[in-house]
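Trainee: Sequence plus the predicted model coming up.
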Amino acid sequence: MAEEKLAANEGIKIRSNYLRGTIAEGLADLSTGSMCEDDQQLLKFHGTYQQDDRDLRPMRRKHKLEKAYSFMIRIRVPGGVATPEQWLETDRLATQFANGTIKLTTRQAFQFHGIIKSNLKRTIAEINQAAMDTIAACGDVNRNVMCNPNPYLSDVHAQVLDVSQKISDHLTPATRAYHELWLDGEKVETSEEDFEPIYGKTYLPRKFKITVAVPPSNDVDIYANCLSFIAIVEAGELVGFNVAVGGGMGMTHGDEKTYPRTADIIGFCTVDQVVDVSEKVVMVQRDFGDRTERKHARMKYTVDDHGPEWILNKLNEYLGYELGPVRDFVFEDNGDRFGWVEGENGNSHLTLFIQGGRVLDTDTYPMRTGLREIAKVHEGDFRLTANQNIIIANVSPEKRSEIEKLVEQYGMKDSHEKSALRLNSIACVALPTCGLSLAEAERYLPSLLGELEEVIEEAGLRHDAITIRMTGCPNGCARPYISEIGFVGRSPGCYNVYLGGGFAGQRLSKMYRENFPGEKVKELLGPIILDYGKNRNEGERFGDFCIRAGYVSETTEGKDFHKNIKEEARV
Ligand code: SRM
Ligand code: SF4
């Protein structure tokens, strides 16, 4: 296709010489805190975003200063597993170069915010020295591969984690640009010397996301990913994976051609086939994804444009063999299990609730210090969950009391003694760092939850899990459209309110109110929560109840998301 018809980013990729662009020159120019626009796009493939502190914009504008530019760095943590040494290094770098906090993301990764340009190279180099990396944490490539951190099924989990790491390694870009730019690797002089065997020069049309789940837990939200593998365990043995394609969340307010979509399960593959299947699905998207319109370039639109059956046939053709028929499985929920649980190997695992995934110290809650002290003595590992929480995993019986003491000393003992509503909440970063946010999320959801908890108590629902998620814009980074209550930033202080998502993340929600003031949400949702407390059927979930009681109609597929919205929703 002629270059002029392609989306602008395609040209940037083609001209970049495998993601180099003029990044080296831009980093050396310290007369400005920013990078040129093309390099900002390329930097994403290296795991970093240029941002500016939006709280400071008015003041900087008033004083005619350049925006307060800094960089966000995303560290890939395939399967969400980090060693105590990696935790300690992450913690050190957060103090030395970032804003003193660590963000645990909704894709089991670490993020730093507030790194200034002159520290960018050193920070990325030191992340790599800690045996972690940032390549392909962002950009038009496969991102951090998520994996169920369920400690109940540790034998199967170990195998599944191994699978997800293999997928991650196999799909990591091959370009030597990353080593050259950040790790002082040998310089490649001509583009002929570099290569990308899977992606080619133009990489993918858009970001690509993979996850691996172990039923009955869907805590990695397979329905929101481009490609997912659902572990099938028969007679205690991992026999293979169901393959799901075409999930995604992002959309644009007011543009009904964009919509969130839940993935379709199209077949089954064996454990030996899984890496090959990932590669070939990526190649189908590489070859058939829309490169002319970035808003229509995700795998979910490729699946909808051609149909799941066509995708399956094309995939079988690329594979040279056929996927098997889908096997039975059941997902019960997409949340985390808090507190201590015993593993199969006699060790135990402690899941702690981290509000909004933000690891920081406050005057009343020195959580970051506590986790640092735990990392100093911990002999197991840390597992990041896709719900932005943390598991102190694989604690031996001998070590458990030492860890328990530290947990108590730093005030984390009751981290999970919160309402089940709060424990099942997720908020994206939003303000002040995210350049796309239209409203607050991480900084606002905790207080909104406090208001809703008053009604929850009144309804006697303190221990009843309801999933609730908030994002500052419609991009959906906290996967709000598959939660039972979703808030999506529309304008400062106002949110689209969605109800009716599936408790296991299996069904999209429906808009209940558009551009609704956050301060009136308790008034809006209070009566529904009370109605649910009184009139729900045995075992009925909040999302299902909202549909049965007629508050919203059911969304059956992505293309249906903007349909059948009640008139009063728009008032
Ligand atoms: Fe996201 C863009 C943060 C998970 C959909 N996301 C962004 C950016 C980089 C804003 C930007 O482009 O300038 C945000 C940086 C904010 C900041 O200051 O840190 C951002 N996304 C996040 C994180 C950190 C949210 C969090 O609070 O945890 C998550 C990082 C995950 C990771 O470790 O890789 C994060 N983003 C997601 C998810 C959830 C998921 O993947 O399971 C989604 C929805 C699923 C999907 O991809 O469809 C998601 N982010 C987006 C989109 C919309 C994409 C689309 O199809 O339209 C954008 C905007 C874009 O790509 O143009 C976006
Ligand atoms: Fe930013 Fe929007 Fe993602 Fe929130 S959902 S982090 S506001 S892009």
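Mentor: Good, I have the coordinates. Numbering: from 1, shown residues only. Ligands and ions are numbered 1, 2, ... in the order given.
Trainee: For the residue located most distally from the centre of the chain, list the residues it contacts.
Mentor: Residue distances from the centre of the chain (C-alpha atoms, centre = their mean) peak at residue 63, which lies 36.8 Å from the mean C-alpha position. For residue 63, the contact set (C-beta atoms under 8 Å, 6 or more residues apart in numbering) is empty. (C-beta placed from N, C-alpha, C; glycine too.)
Trainee: And it, its phi and psi?
Mentor: Residue 63 adopts backbone torsions of phi -90, psi 10, taken as degrees, to the nearest 10.
Trainee: residues near residue 193, how many?
Mentor: 11 (other C-beta atoms under 10 Å).
Trainee: er, residue 21 I mean
Mentor: Residue 21: 24 neighbours (other C-beta under 10 Å).
Trainee: what's the closest non-adjacent residue to it?
Mentor: Take residue 21 and drop its neighbours on the chain: the residue closest to it by C-beta to C-beta, 6 or more residues apart in numbering is residue 42, 4.4 Å away.
Trainee: was I right about the one you found contacting residue 9?
Mentor: No. With contact defined as C-beta atoms under 8 Å, residue 42 does not reach residue 9; the gap is 9.6 Å.
Trainee: which one is residue 392 nearest to, not counting chain neighbours?
Mentor: Leaving aside its sequence neighbours, residue 392 sits nearest to residue 350 (C-beta to C-beta, 6+ apart; 4.5 Å).
Trainee: wait, what's in contact with the one you found?
Mentor: So residue 350 contacts 339-340, 391-393, 395, 403, 407 (C-beta under 8 Å, 6+ apart).
Trainee: Quick check: which element contains it?
Mentor: strand 348-352 (DSSP states H and E).
Trainee: For the next helix or strand along the chain from that strand, which helices and strands make contact with it?
Mentor: Next helix or strand after strand 348-352 toward the C-terminus (DSSP H and E): strand 358-359. Contacts defined by 3 or more C-beta pairs under 8 Å, 6 or more residues apart in numbering; DSSP states H and E place strand 358-359 against strand 102-104, helix 367-377.
Trainee: Output the below-cut-off pLDDT ranges for the stretch 51-200 of the chain.
Mentor: Low-confidence segments of the stretch 51-200 of the chain, defined by pLDDT under 70, span residues 151-154, 188-192.
Trainee: and it, which residues reach ligand 1?
Mentor: On the criterion C-beta under 6 Å from any ligand atom, ligand 1 has as its neighbours in the stretch 51-200 of the chain the residues 51, 72, 74, 105-107, 109, 111, 143-144.
Trainee: The same query, at a cut-off of 8 Å, please.
Mentor: Contact residues, the stretch 51-200 of the chain versus ligand 1 (C-beta under 8 Å from any ligand atom): 51, 72, 74, 76, 103-109, 111, 113, 137-138, 143-144, 146.
Trainee: Select from those residues every entry located in strands.
Mentor: 51, 72, 74, 103-104, 111, 113, 146 (DSSP state E).
Trainee: ok, and the most crowded of those?
Mentor: residue 146 leads those on contacts (other C-beta under 10 Å) with 30 neighbours.
Trainee: Bridged to that one, which residues?
Mentor: With DSSP bridges as the criterion, residue 146 is bridged to residue 211.
Trainee: my read: it touches residue 212, true?
Mentor: Yes. Proximity of residue 146 to residue 212 meets the contact threshold set by C-beta under 8 Å, at 7.0 Å.
Trainee: can you count the residues close to the residue nearest to residue 494 when sequence neighbours are not counted?
Mentor: Using C-beta to C-beta, 6+ apart and skipping residues adjacent in sequence, the residue nearest residue 494 is residue 515, 4.8 Å away. Residue 515 sits with 15 neighbouring residues when counted by other C-beta under 10 Å.
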